[in-house]
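S.K.: What shape does this take:
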Amino acid sequence: SIGLLSSIHTLLKNRLALKNIEFLNAYVNIKTYEGESDSNLDLFLLKFKSSGSSGNALNLVLKQLELFNPRIKFANEHTQISVSGKRVYISVDSINQAIKYFQVRTVLLDDPQITVQRTIEPESRSLDRISSSTRPEDSCKIKPSFFVKFINCNNGKVSYKSATGETSQQCDFANIYFSSTYNFASEDLKQIEFLTLKTNTNSGIQIKDFQINNFRLDNNSLYLGRLKANTNKSQIEAKGALRSSKALFSSLLQDEVSGQLSISKGISCISEINYFFPELKIPLSDRIHKDTPLRISLELKGSKRSCQLSKFSASIGAQFQINATGQIRNIGKTGKELINLKVSDLKISSGFANTLLSNDNSSIALDKLKDIHFKGSFDGFLKNFVAYGTFDTDLGSLRSDLKMSYENNIEHASYSGSLNLIRFDLGKLINAPDIGIVDFTANVSDGYGLTAETVHAKLQASVHQFTYKSYSLSNAEFSGSLSKNN
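M.R.: Residues are numbered from 1 along each chain as shown. Here you go, the predicted model:
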């Protein structure tokens, strides 16, 4: 009872030294009620605080704490966290309750079972909602800080459940083994010198080796000295930093964050990308399946508004490979990403090009191009761009300075610019056997459609060679239009 605690406080003259405490079947219920800033645990600890202006708070000296079969429950208005396990062992260096600073030498966890249950799903994180829902901070209130030299977990499990309803989801991480050294956590700073983790997920993904070195997070910045992660299907090695003049995560919503990211190794597959980043929704097809490998390496510097890209290399199986440098604007704004790339080498299979262009019309036989190689520049949006450079294919070469725009598929694409076909078998491409090898330079305007059924464009061309049936045309000038009916 509180009276007993007060008597102990007086008897021991503000100092209580405990070398070792053991609890069997311990149960702790920590709860923060809606509208309150202190939990019931905070209120309990306040009972040790001195009531007189000249008195001292109780100085608690605890060296070792061991809990067998513990059950700990934390709840607030949004989340409920339940923790149980076989054993928790804590070795303490120092506790200063007056300033809420806890220095812990060792934390050992045996078979911890952690369940995180959302009771209310968070609202959309707009800045207006964040500012209106955040309680005013008490600048005089001391917030706890924890420094833990070593943490080790043996065979744990973490389950996450969203709020009940149609959006209910569950994600389980089992067989968790991790160790971590020099961890610091406070309201203003979170830091990890070294972390290594191994675990499995209920989706069949196995985290074989996950390492973090020199991780530091405060209100205005994030620094990651090294990240290394290996799963049964992926490998990644990266480092980077983010900075903001304001609160970091609020600034992310306003695109006010700058920084750099370096990925020296990135190997994954479609299934894992779609699992960890479902918002990307990478489509599958007969050419791109769930186990198709993805590889990427890059260096980024800048902000979401404008980011410099260097040493960029990426591939999707044998279907797509690119090496480039450039600039990307509006990162994360789907459909509004503005891309300026200088491509030193791009290789794309004609089948993958069909998938990207949503070409389901058999009247244009992109498959006959086989592998397409491109060198040049790309400026614009993914579906509204200018491509300047040279394409080499199995049907011949093509040089372009062409502006193209399409929404759904190439049947309704619009285009204009200059085009130079070099020894190009145009007839095979558009399934028109009467047309043979074409070699010409043309200026195209008001172009629409890229299939034999929909094509229509105005042309001014210098024809170096053109074969139609048994007729051959060379060194001629041409001005007119191209369409199905011509």
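S.K.: Just give me the residue closest to the centre of this protein.
M.R.: What sits nearest the mean C-alpha location of the chain, by CA atoms, centre = their mean, is Phe277, with 6.2 Å.
S.K.: Distance of that one relative to Ser472?
M.R.: Distance from Phe277 to Ser472, counting by CB to CB, to the nearest Å: 54 Å. (Glycine included, C-beta is placed from N, CA and C.)
S.K.: Which parts of the stretch 251-400 of the chain are strands?
M.R.: Taking DSSP state E, counting those that start in this stretch as the criterion, the stretch 251-400 of the chain carries its strands at 258-269, 293-303, 306-316, 320-329, 338-349, 371-381, 384-393, 396-405.
S.K.: which residues touch the next helix or strand after the last one?
M.R.: Remark: after strand 396-405, the chain's next helix or strand is strand 414-425, criterion DSSP states H and E. Where contact means CB atoms under 8 Å, 6 or more residues apart in numbering, the residues beyond strand 414-425 that reach it are 386, 395-406, 436-448, 450, 457.
S.K.: Strand partners (parallel or antiparallel) of strand 414-425?
M.R.: Sheet pairing of strand 414-425 (DSSP bridges) gives strand 396-405 (antiparallel), strand 435-448 (antiparallel).
S.K.: Pass me the low-pLDDT residue ranges in the stretch 1-150 of the chain, would you?
M.R.: 1-18, 35, 45-60, 121-141 (pLDDT under 70).
S.K.: Tell me which stretches of it form strands.
M.R.: Assigned by DSSP E, counting those that start in this stretch, the strands in the stretch 1-150 of the chain fall at 15-24, 27-31, 59-68, 71-75, 79-84, 87-96, 101-110, 113-118, 145-161.
S.K.: Now distance to Asp371 and mean neighbour count too, for these, in TSV please.
M.R.: Converted to TSV, the strands of the stretch 1-150 of the chain look like this (distance: least, CB to CB, whole Å; neighbours: other CB atoms under 10 Å):
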stretch	distance to Asp371	mean neighbour count
strand 15-24	67	11
strand 27-31	61	13
strand 59-68	63	16
strand 71-75	57	16
strand 79-84	52	16
strand 87-96	59	16
strand 101-110	53	17
strand 113-118	48	17
strand 145-161	44	17
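S.K.: In JSON lines, list those along with distance to Lys290.
M.R.: Formatted as JSON lines, these follow (distance: least, CB to CB, whole Å):
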{"stretch": "strand 15-24", "distance to Lys290": "48"}
{"stretch": "strand 27-31", "distance to Lys290": "42"}
{"stretch": "strand 59-68", "distance to Lys290": "43"}
{"stretch": "strand 71-75", "distance to Lys290": "37"}
{"stretch": "strand 79-84", "distance to Lys290": "33"}
{"stretch": "strand 87-96", "distance to Lys290": "40"}
{"stretch": "strand 101-110", "distance to Lys290": "34"}
{"stretch": "strand 113-118", "distance to Lys290": "28"}
{"stretch": "strand 145-161", "distance to Lys290": "23"}
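S.K.: before we move on, the earlier item: any chance of the strands of the stretch 251-400 of the chain in JSON lines, with distance to Ala241 too?
M.R.: Formatted as JSON lines, the strands of the stretch 251-400 of the chain follow (distance: least, CB to CB, whole Å):
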{"stretch": "strand 258-269", "distance to Ala241": "5"}
{"stretch": "strand 293-303", "distance to Ala241": "10"}
{"stretch": "strand 306-316", "distance to Ala241": "14"}
{"stretch": "strand 320-329", "distance to Ala241": "18"}
{"stretch": "strand 338-349", "distance to Ala241": "24"}
{"stretch": "strand 371-381", "distance to Ala241": "28"}
{"stretch": "strand 384-393", "distance to Ala241": "31"}
{"stretch": "strand 396-405", "distance to Ala241": "37"}
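S.K.: Adding mean neighbour count and mean pLDDT as columns, could you present those in TSV?
M.R.: Output for these, formatted as TSV (neighbours: other CB atoms under 10 Å; pLDDT from 0 to 100):
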stretch	mean neighbour count	mean pLDDT
strand 258-269	17	91
strand 293-303	17	91
strand 306-316	16	91
strand 320-329	18	93
strand 338-349	17	92
strand 371-381	17	91
strand 384-393	17	91
strand 396-405	18	90
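S.K.: Let me see the ranges of the helices in the stretch 151-300 of the chain.
M.R.: Counting by DSSP state H, counting those that start in this stretch, one finds helices in the stretch 151-300 of the chain at the ranges 248-253, 270-276.
S.K.: which stretch in those is the model least sure about?
M.R.: Per-stretch mean pLDDT for the helices of the stretch 151-300 of the chain is lowest at helix 248-253 (a mean of 62).
S.K.: Can you tell me how far Lys161 is from Thr79?
M.R.: For Lys161, the distance to Thr79 - CB to CB - is 10 Å.
S.K.: and for these two, which residues touch both?
M.R.: 116-118.
S.K.: out of these, who's nearest Asn175?
M.R.: Val116 (17.9 Å; CB to CB).
S.K.: got the contact list for the closest one?
M.R.: So Val116 contacts 79-81, 158-161 (CB under 8 Å, 6+ apart).
S.K.: Quickly list what it is bridged to.
M.R.: The partner residues for Val116, given DSSP bridges, come to Ile81, Tyr160.
S.K.: let's number from 17 now, not from 1
M.R.: Yes, from this point I'll number from 17; that puts the last item at Val132.
S.K.: how far away is Ile364 from Leu435?
M.R.: 19 Å.
S.K.: Just to check, Ser499 is in contact with Val471?
M.R.: Yes. Assessed by CB atoms under 8 Å, Ser499 is found in contact with Val471 at 6.3 Å.
S.K.: if you count what's nearby, which of those two comes out ahead?
M.R.: Val471 (19 against 14; other CB atoms under 10 Å).
S.K.: dump the residue contacts of the nearest residue to the more buried one once chain neighbours are set aside.
M.R.: Leaving aside its sequence neighbours, Val471 sits nearest to Gly465 (CB to CB, 6 or more residues apart in numbering; 4.5 Å). Gly465 is in contact with 426-429, 471-472, counting by CB under 8 Å, 6+ apart.
S.K.: Tell me which of the residues you listed has the lowest pLDDT.
M.R.: Lowest in pLDDT among the contacts of Gly465 is Ile426, which has 69.
S.K.: Count the neighbours of the residue nearest to Leu442 when sequence neighbours are not counted for me.
M.R.: Distances taken as CB to CB, 6+ apart put Val454 closest to Leu442, at 4.4 Å, once the chain neighbours are dropped. If you count neighbours by other CB under 10 Å, Val454 ends up with 24.
S.K.: Is it correct that Val454 is in contact with Gln481?
M.R.: Yes. Using CB under 8 Å, Val454 makes contact with Gln481 at a distance of 7.0 Å.
S.K.: how close does Asp225 sit to Thr371?
M.R.: 33 Å.
S.K.: Same drill for those two, tell me which one is more crowded.
M.R.: Each of Asp225 and Thr371 has its neighbours counted (other CB under 10 Å); Thr371 has more, 18 against 12.
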